[in-house]
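# Provided below are the primary sequence and the corresponding predicted coordinates.
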Number of protein chains: 2
Amino acid sequence: MAKVTLQSVADRVGVSRMTVSNAFSRPDQLSADLRARILAAAAELGYAGPDPAARALARGRTGSVGLLINGSLSEAFEDAVSAAFLAAVSDELSSRGMALTLLPSSEDERFVPARDVAVDGALVYICDPTAPDIDWLRRRSIPVVVVDHNVEAGTASVNVDDRGGARLAAEHLVGLGHRRIGVVTLEVDPDEPNYPARERMLGWRDALDPAGIEPTVVTTPYSPRTAAYDVAHGLLSAPDRPTGVLCFSDAFAIATIRAAQSLGLQVPGDVSVVGFDDSVLAAASQPALTTIHQEVGEKGRAAVAAIADVIGGTTPDPVLLPTSIVVRESTAPPPA
Amino acid sequence: MAKVTLQSVADRVGVSRMTVSNAFSRPDQLSADLRARILAAAAELGYAGPDPAARALARGRTGSVGLLINGSLSEAFEDAVSAAFLAAVSDELSSRGMALTLLPSSEDERFVPARDVAVDGALVYICDPTAPDIDWLRRRSIPVVVVDHNVEAGTASVNVDDRGGARLAAEHLVGLGHRRIGVVTLEVDPDEPNYPARERMLGWRDALDPAGIEPTVVTTPYSPRTAAYDVAHGLLSAPDRPTGVLCFSDAFAIATIRAAQSLGLQVPGDVSVVGFDDSVLAAASQPALTTIHQEVGEKGRAAVAAIADVIGGTTPDPVLLPTSIVVRESTAPPPA
DNA sequence: CAGGACTTCTGTACCGATACAGTACGCCGC
DNA sequence: GCGGCGTACTGTATCGGTACAGAAGTCCTG
């Protein structure tokens, strides 16, 4: 069976191809009567509407937005915080009539999603800033919004006040009377710094430095839960172990609590633990986590609003979303 | 600044447009020397490579596969099992050089991703079979692979042996000596049946019927955790409460355990609970869940392999992945 | 030294739509 | 009766590539 195109339908009805195109894409350009006849003929011929690829070329827009993710996609889906972000982004995009295309960074030179997939714009999400994929987006001059990243002048961005939040966390422990404080966080590679990790560290110090407290910092490279457990275990095994621990995320905090419990320490009786993100894990944890709340859903919606603006030609102001502290059961004054 | 196309580069180097195209897409078609000169000129002009939209039209392939999801994307991301599936799919696709485009079902007639977004093929994942989006895919004659759905003849599919797994679960309880058995599962709307829910019910009955056991079934519409808790609570409050409960998923099972504990019942001392999926929740639960293991990652990879086949023109045989039972701590013989 | 087989590069014809600038015609006001 | 304006439809020129069938030159081979 021959391929059905606008032309086939046009021939069938006896109008020009353009009129058929208008019947589908600009209904106000023709009479309702003719339009109905065209649609009927299209249905009869099995024509499903304008071919998206051809339309994308002719219009210069594809109707989908890319999400650049560097590193394993599995991690992105399985981490509660990034999953919630993805969910918010895709929901918001679909309510604005756009699809979401994932652009993993490629290991294979022959196919680089950031270079070879048609998108109208892209969100740069979990990426080290040195990733070549980001360069591809720039070279293609694709509209970009950067999320959870340091802001380069002129680039639209959406960030969370990581530093301010971390400061709240540290102030909370100091306010409770803690003086020996530990930090369990991501390893920050100076060559490809993780922006939230750096900012949170700055925030913790913002509160600890004025109090004259030098925290004991232990780090682990991205994510393996067991690794966070191990370093937390080491931190809490030391003779002068901290009485309060600031953690990079709720997942890190939960690993820390596990480590404390395995050492026979009470949380918060012997050790207070503060998380970050206020993910679903936090409230469900035993004991429930004191943590820093960030609006992940709002972050996703703001990112979509920003990319829509950039695609539309305007440059939105950088967005900085607030953070706040949620005090639950994992913190208390230090033991006497 | 004027747009840079193949032609600009060709003019600059003094070769034909076709040769520049070959330099990018078919390196073996020209001499290494000329290719290097072309690439250099391209870099100089800021040409980032062939435009994906134009290439998609000319080649008839876009390099991305769609994933049709019916209902809220948030649920898909936040549920551990579907998130793991998505992760496996996207990882496998990217290692095969394809991107993943999410096709949410649209509420707005003007933009229907399944109709308006260019993809080479699509996985039909969480969808009620009556969704109009599936029709769009068919009308566009896009290659399709159906996952976790009933199989129509001639359509490629990937399924898990839900029925066999459910049977194992029920046999396990019967084998332990349970005679009063409850089922906590999804509501099955006859108009748009949830395939796994139906199959699992059949599997449970496969084992219970021969034993002469009529289970007490309670159901809840999709997913809200609190709803599962509520119906489980009701089930376990009855005077002749079951001693063993078969659950639709691990999330349902955990809600059921919570309900039991809130009623002062010991799991598994007073009530045994069996989950389904063996998601990350299962092992982490207190007590750890006895559950039915399914290979979600394998399901994702099989789905990608199948869609690649269909796009390639062959029709792969339906895939049915095995399930197995994992006995942990949430089941025991009924109280004496 | 004719002839086949490569290697390299080119010309032309699409791929399937949309944009934009008409053209044709009916209707109104003066 | 004629300019002006809307509405309804059409023609043509792209959009930026790729496929495929040559054409020209080079290298062997018998």
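The structure has been received and is ready for your questions.
# is DNA strand D contacted by stretch A:4-19?
Yes. Contact of stretch A:4-19 with DNA strand D (C-beta under 7 Å from any atom of the strand) involves A:15-19. From N, CA and C alone the C-beta is placed, and that goes for glycine too.
# for A:Leu289, see how far away whatever residue of the stretch 201-336 of chain A ends up closest to chain B is.
Residue of the stretch 201-336 of chain A nearest chain B, by C-beta to the nearest C-beta: A:Val280 (7.8 Å). As for A:Val280, its distance to A:Leu289 is 11 Å (criterion: C-beta to C-beta, to the nearest Å).
# okay, those two: which has more neighbours?
Neighbour tally, A:Val280 and A:Leu289, criterion other C-beta atoms under 10 Å in any protein chain shown: the higher count belongs to A:Leu289, 30 against 14.
# quick check: that one touching A:Gly275?
Yes. A:Leu289 is in contact with A:Gly275 according to C-beta atoms under 8 Å; the separation is 4.4 Å.
# got phi/psi on A:Ser64?
phi -140, psi 150 (degrees, to the nearest 10).
# how about the contacts made by it?
A:98-101, A:118-120, B:101, B:117 (C-beta atoms under 8 Å, 6 or more residues apart in numbering or on different chains).
# tabulate those residues (TSV), appending neighbour count.
Listed next are the contacts of A:Ser64 as TSV, based on neighbours: other C-beta atoms under 10 Å in any protein chain shown:
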residue	neighbour count
A:Met98	27
A:Ala99	26
A:Leu100	27
A:Thr101	25
A:Ala118	28
A:Val119	33
A:Asp120	21
B:Thr101	25
B:Val117	25
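# in TSV: those, plus distance to A:Asn70, secondary structure and pLDDT.
Below are those laid out as TSV (distance: C-beta to C-beta, whole Å; DSSP: H, G, I helix; E, B strand; the rest coil; pLDDT from 0 to 100):
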residue	distance to A:Asn70	secondary structure	pLDDT
A:Met98	22	coil	92
A:Ala99	21	strand	94
A:Leu100	17	strand	96
A:Thr101	15	strand	96
A:Ala118	20	coil	97
A:Val119	16	coil	97
A:Asp120	21	coil	97
B:Thr101	19	strand	96
B:Val117	24	coil	96
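# so how far is stretch A:58-77 off the chain centroid?
Counting by C-alpha atoms, centre = their mean, to the nearest Å, stretch A:58-77 is centred 12 Å from the centre of its parent chain.
# and that stretch, anywhere near DNA strand D?
Yes. With C-beta under 7 Å from any atom of the strand as the criterion, DNA strand D is reached by stretch A:58-77 at A:58, A:60.
# likewise for stretch A:38-45?
No. On the criterion C-beta under 7 Å from any atom of the strand, stretch A:38-45 is out of touch with DNA strand D, staying 9.2 Å away.
# and that stretch, what's buried?
In terms of neighbour count (16 or more other C-beta atoms under 10 Å in any protein chain shown), stretch A:38-45 has its buried residues at A:38-39, A:41-42, A:45.
# save those as TSV, and put in pLDDT too.
Formatted as TSV, the buried residues of stretch A:38-45 follow (pLDDT from 0 to 100):
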residue	pLDDT
A:Ile38	97
A:Leu39	97
A:Ala41	96
A:Ala42	97
A:Leu45	96
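# tell me which residue in the stretch 101-250 of chain A sits closest to DNA strand C.
A:Ala118 (12.8 Å; C-beta to the nearest atom of the strand).
# the residue of the stretch 201-336 of chain A closest to chain B contacts A:Ala80, doesn't it?
Yes. Look at A:Val280 against A:Ala80 with C-beta under 8 Å: they come within range, at 5.5 Å.
# B:Ala84: which of the buried residues of stretch A:38-45 is nearest?
A:Ala42 (40.8 Å; C-beta to C-beta).
# now the closest one: which helix or strand?
helix A:32-45 (DSSP states H and E).
# where in the stretch 201-336 of chain A is pLDDT low?
A:222-225 (pLDDT under 70).
# where along it do the helices fall?
A:225-237, A:250-262, A:280-284, A:296-312 (DSSP state H, counting those that start in this stretch).
# which parts of the longest one are buried?
Neighbour-count burial for helix A:296-312, with 16+ other C-beta under 10 Å as criterion, is recorded at A:296-297, A:299-311.
# would you check that A:Ala118 makes contact with B:Thr62?
Yes. Counting by C-beta under 8 Å, A:Ala118 sits close enough to B:Thr62 to count as a contact (6.9 Å).
# how about stretch A:133-146, does it reach chain B?
Yes. Counting by C-beta under 8 Å from any C-beta of the partner chain, chain B has neighbours in stretch A:133-146: A:136, A:139-140.
# buried residues in that stretch?
Buried residues in stretch A:133-146, counted by 16+ other C-beta under 10 Å: A:133-134, A:136-137, A:140, A:142-146.
# ends of that stretch, what's the gap?
13 Å (C-alpha to C-alpha, to the nearest Å).
# whether it contacts DNA strand D - can you check?
No. Using C-beta under 7 Å from any atom of the strand, stretch A:133-146 stays clear of DNA strand D, coming no nearer than 9.8 Å.
# report the contact partners of the closest residue to A:Tyr47 other than its chain neighbours.
Excluding the flanking residues, the one nearest A:Tyr47 by C-beta to C-beta, 6 or more residues apart in numbering or on different chains is A:Val4, at 4.5 Å. Going by C-beta under 8 Å, 6+ apart, A:Val4 touches A:45-47.
# okay if I get those residues as a markdown table plus distance to B:Ala336?
A markdown table is the format used below for these (distance: C-beta to C-beta, whole Å):
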| residue | distance to B:Ala336 |
| --- | --- |
| A:Leu45 | 72 |
| A:Gly46 | 67 |
| A:Tyr47 | 70 |
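# nearest to A:Asp317, of those residues?
A:Tyr47 (44.6 Å).
# can you report how many residues lie near A:Ala255?
Other residues close to A:Ala255 by other C-beta under 10 Å number 25.
# again, but for A:Gly46
Residues near A:Gly46, counting by other C-beta under 10 Å: 12.
# over to the closest residue to it other than its chain neighbours: give its phi and psi.
Counting by C-beta to C-beta, 6+ apart, A:Gly46 lies nearest to A:Val4, which is 5.8 Å off, once chain neighbours are set aside. A:Val4 adopts backbone torsions of phi -100, psi 120, taken as degrees, to the nearest 10.
# quick check: A:Val4 vs DNA strand D, distance?
18 Å (C-beta to the nearest atom of the strand, to the nearest Å).
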